[in-house]
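In: Got a predicted structure here, sequence first:
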Amino acid sequence: GSVEPIRKTLQWRKEPKIIDMCEKIGNETWEETSICQTSFKYQVAGEIPAKVDNGPFVIIRPGKSNSSALYDNLSFDELHMLHYAYREHAFRQCDRETRSSRKIVKQLLIFDMNGVSFSDMTDRRGQKVFEPVSKNCANYYPQLQSKFVMINAPSWIAVIFSLMKRIMPARNFAKVGFCPAKGTDKPGADASKCPFASKFLDLSKLPKFLGGEMDEKELPGLLTGALLDDPENSPDKNRDGWKDMSISRRSKKTVDLMIPAGDITVQ
């Protein structure tokens, strides 16, 4: 069972581009690469030290990100390398904390779906990125993830679960969890009511948008959207400058536009 994955991993780690990536992770220069710098412009995701066992705790905020622009500006090979680098960094942290504590430490990932659009989540380019990485990392990093938790999920979450089940190896999909909590960014939200969060997380280091106690100003720019390549920090605008809106069935939205006087043309 384990021999073939080990052989594949050893062979993979001999590839020059993987050696280079691992060296940059080791000497902490990976964030200076063009791949990583480009990802900062379009992706809101980052790590904070909120896990009680000091393991990697990563938060991804697709509702604030511009995944379409990310796919436009990085090749599939570069995107694959970006995700391998995420895992290599987490693996080293898990290994370090496991050796120090003498207890198995794994990564916890929170996928905050607040404000996420259906079109972004079903972009076929995403499948081309995540499917090969997920399958390969089942061999390369088999014991890395403890849970992948989706929170603030919209009504169409079942569609996403179905898609994930098709592209992820069974043992990886088994680690995907769903938290029924919604509106965690609203006043009064309290993560201490969640047995999972109370057991595994330091709520004083958990952001308020997830029901924790940490203010937005204390968070790294990677998690606030401050590094996005948009002068207005407006991730709801697509690459053509238009604003995207998701209108649910049997609902409506009103958009007020200030139209200056004079001869005008509206498209």
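Out: Received it, and whenever you're ready, just let me know what you need.

In: Enumerate the beta-bridge partners assigned to the residue most central in space within the chain.
Out: The centroid of the chain falls nearest to Ile60 when counting by C-alpha atoms, centre = their mean (3.0 Å). In this entry, Ile60 is beta-bridged to Ala45, Phe111, by DSSP bridges.

In: so how far is stretch 177-197 off the chain centroid?
Out: Relative to its chain's centre, stretch 177-197 lies at 18 Å (C-alpha atoms, centre = their mean, to the nearest Å).

In: Begin at 323 from now on, thanks
Out: Okay, residue one is now 323; in that scheme the one you just asked about reads as stretch 499-519.

In: and it, how far apart are its ends?
Out: Criterion C-alpha to C-alpha, to the nearest Å; first-to-last residue distance in stretch 499-519 is 13 Å.

In: again with stretch 434-450
Out: 22 Å.

In: surely the residue nearest to the centre of the chain meets Ile432?
Out: Yes: proximity of Ile382 to Ile432 meets the contact threshold set by C-beta atoms under 8 Å, at 7.1 Å. From N, CA and C alone the C-beta is placed, and that goes for glycine too.

In: Could you pull up the contacting residues of Lys386?
Out: If a contact means C-beta atoms under 8 Å, 6 or more residues apart in numbering, then Lys386 has 366, 437, 547, 550, 557 as its contacts.

In: neighbours around the first one, how many?
Out: In other words, Val366. For Val366, the neighbour count with other C-beta atoms under 10 Å is 24.

In: low-confidence ranges in the stretch 323-472 of the chain?
Out: Applying pLDDT under 70 to the stretch 323-472 of the chain flags residues 323.
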